[in-house]
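Any chance you can model this:
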Amino acid sequence: MAQFDVDAMLERFRSRAEAVRQRGLPPVAGEGRRAFIEQAERDYTDYMLVGGAAWSVEDDHLVLRIPLTGG
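Reported below is the predicted structural model:
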């Protein structure tokens, strides 16, 4: 099995978060626009949480530690 690079995976999540943040709005209006914006906000939050995680390997499991507070 190929070596798994956790740091590279976390960087991909950070890059995805930035792509969501930079993404423009499609030409939709009304309810579709609101739904698109809400989904983009959720995507950004999810990607940033994973991208900012500290990681370790414990008992053959990858453990991501995601802080839930600002400090």
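
From now on I want contacts and neighbour counts done on CA atoms only, so please keep to that.
Fine.

And the residue nearest to Pro26 when sequence neighbours are not counted, how far from Pro27?
Distances taken as CA to CA, 6 or more residues apart in numbering put Arg33 closest to Pro26, at 7.9 Å, once the chain neighbours are dropped. Using CA to CA, to the nearest Å, we find Arg33 at a distance of 8 Å from Pro27.

So which of the two has more stuff around it?
Arg33 (14 against 7; other CA atoms under 10 Å).

The residue most central in space within the chain and Ala19, how far apart?
Centroid-nearest residue in the chain, with CA atoms, centre = their mean: Tyr47, separated by 0.6 Å. According to CA to CA, Tyr47 and Ala19 sit 10 Å apart.

Now do the contacts for the residue nearest to Ala54 when sequence neighbours are not counted.
By the measure of CA to CA, 6+ apart, the closest residue to Ala54 outside its immediate chain neighbours is Arg65, 5.1 Å from it. Going by CA atoms under 8 Å, 6 or more residues apart in numbering, Arg65 touches Ala53, Ala54, Trp55.
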